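Asks: mind looking at a prediction? Sequence and model below.
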Amino acid sequence: MATPHIDPGEIAALKRLAAGIMNVQGNRFIKDLLRSKNIRIGNNKEEFKVNLEGAIDAGQITSADVAQWLNSVEGWGNQHVYLFNISTTLRKELTEPKIHQRVIDSGLAPLWEADTTFAFPDQPTLTSISYIDSILRIVWHESSPGWVRAPEKDIPPKDEGLDVFEYRAYRKVERRAITRFEAHVKPGIAGLFIADPIEGDEHQKAIIEAKRVIALLTNLKALEKGEMDIGSISRNLDQKNVPKNNLAPAVKTQRSRLSSGAAYVEFAANSSGKAYWEEPAIQDVRKSVRAEQLQAFQGAEGVFIFQETKEGLDRPLRVQLYGKDNRIRLWAQMEAFEVWNILTQLSQYQ
C-alpha cells in the first residue's frame, strides 16, 4: 500500500505539537495515543517520541488523530473548576439550534466547530464553539511555549579571553494554556475550567471573558444561580466517607476543615496519601460528630483522594475543595473522562 502524501508543513507542526504535549503530559497519555493506532510504544518517553514522530512521518497518525487525542488529554486536570447545576429553565435554552443561531447572531460563526489543532495565539483567544451530543463546548487557547534540555546540542567549554564559557542547549516546545466551558445538558452539570493560577489578575480575567461569551449564547444569570455550593459538598463528602462497618469508603479525606461563625475544627493526616481517619483514635473522635450536628458547619476547605473504581477511575486522584470561593482544584494531569467522573461524583454530595 502506498504511503499517503502528507504536507511537510503539517508534519512539522504535528511534531512540534506532539513534543509540547509529551513534555506536559505523563507517559500514560502518550501510550494511549500510540496504542489506539496499534503503533509500537517503547519503554520510555524518548522511545515514545521516536515512535510517535515515525508514525507521523509515515502517515499513521494524522492531524485528525491528534485533534481527537488532544480533546481527551490536553487541558484536563491541573486546573481550577467552578461547577454549576443546569436548571430546567436553562436546559430549554441549551439546544443545538438555539446555540448555533446565537453564535451566528454574535458574529462568531467562523468559530462554530472550528479545528483548534494548530491554534497557538499569543494572547488568550476564543478558538472554538461546538454543540455535540448535548454538550456545549466553548474553548479558549493561549500559546505557552516552554524549554526542555537538549544536552546533545550543548557546546563544550571553551576559552574566551581570560574566561571559560559553557553553553547548555534547550529546545523550544509548543504548549498551550486552555480555558474551557462545558455544559453537559443531559446530566445537568456545567463546568468552567481555568488553568491560570489563582494568584494575580489572569485568573479573574479568564472568568470575566468566559462569562462574557457565555452571556452571548445563553442565560448567564440562570447559570450563575445554579452555582454549586462547594462548602456544603466538602462537608457532606467528608461526613459520608467516614468508614462504617469496616467498609472502605470510595473517597479518602486527607484534610477537612469545618467552619462555623468565627471558629473552625480541622481533621488532617500528616501524609498526603492517607486519610485522617486511618488513625484509629482520630476516627473515633470524628465518628462522635453526628450528621445533624454538622448542619451548623460549612466545609471551609478539604483535600480528598478519589480511589480506583470498577466503573471509572483506574488510579487515585487528589482534589482540593475551597468553600469560600466555590472553587475546585484538580492537582494531577488527567483525561477528560477522569475529570468528569470526579465532578459527577462531587455533584452528588450537594
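Replies: Cool, the structure landed. All values reported here derive from a predicted model rather than from experimental measurement.

Asks: in the stretch 251-350 of the chain, which spans are strands?
Replies: Per DSSP state E, counting those that start in this stretch, the stretch 251-350 of the chain carries strands over the ranges 251-260, 263-268, 298-306, 317-322, 327-333.

Asks: distance of the closest residue in space to Asn71 that isn't next to it in sequence from Arg327?
Replies: Leaving aside its chain neighbours, Asn71 sits nearest to Ala336 (7.1 Å; criterion: CB to CB, 6 or more residues apart in numbering). Heads up, the C-betas are built off the backbone N, CA and C, glycines and all. Here the distance between Ala336 and Arg327 works out to 20 Å (CB to CB, to the nearest Å).

Asks: pLDDT score for Thr117?
Replies: For Thr117, the pLDDT comes out at 71.

Asks: now for the strands of the stretch 251-350 of the chain, which one comes closest to Ala58?
Replies: Closest to Ala58 of the strands of the stretch 251-350 of the chain is strand 327-333 (CB to CB; 27.9 Å).

Asks: what residues does that closest one touch?
Replies: Here strand 327-333 makes contact (CB atoms under 8 Å, 6 or more residues apart in numbering) with 24-26, 29, 73, 76-83, 198, 230, 317-322, 339, 342-343, 346.

Asks: which of these are buried? Put it as a ChimeraX command.
Replies: Burial among the contacts of strand 327-333 is assessed by 16 or more other CB atoms under 10 Å; the matching ChimeraX selection reads:
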select :24,25,29,73,76,77,79,80,81,82,83,230,317,318,319,320,321,322,339,342,343,346
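
Asks: got the domain boundaries for this protein?
Replies: When the chain is parsed with automatic domain parsing, its domains come out as 8-73, 77-149+154-225, 230-347.

Asks: confidence score at Gln345?
Replies: Looking at Gln345, the pLDDT reads 94.

Asks: sec struct for Glu142, please.
Replies: strand (DSSP: H, G, I helix; E, B strand; the rest coil).

Asks: low-scoring stretches of the stretch 51-200 of the chain, by residue?
Replies: 145, 173-174 (pLDDT under 70).

Asks: in it, which spans are strands?
Replies: Using DSSP E, counting those that start in this stretch, strands in the stretch 51-200 of the chain cover 77-85, 125-132, 135-143, 146-149, 155-160, 163-167, 170-173, 176-184, 189-194.

Asks: for Gln38, report the pLDDT, please.
Replies: Actually, residue 38 is Asn. It isn't Gln. Model confidence at Asn38, expressed as pLDDT, equals 84.

Asks: distance check, the residue nearest to Asn71 against Arg176.
Replies: Counting by CB to CB, the gap from Ala336 to Arg176 is 15 Å.

Asks: between the two, which is the more surrounded one?
Replies: When neighbours are counted by other CB atoms under 10 Å, Arg176 comes out ahead of the other of Ala336 and Arg176, with 23 against 16.

Asks: gap between the more buried one and Thr125?
Replies: Using CB to CB, Arg176 is found at 11 Å from Thr125.

Asks: overlap in contacts of those two?
Replies: By CB under 8 Å, 6+ apart, the residues touching both Arg176 and Thr125 are 119, 141-142.
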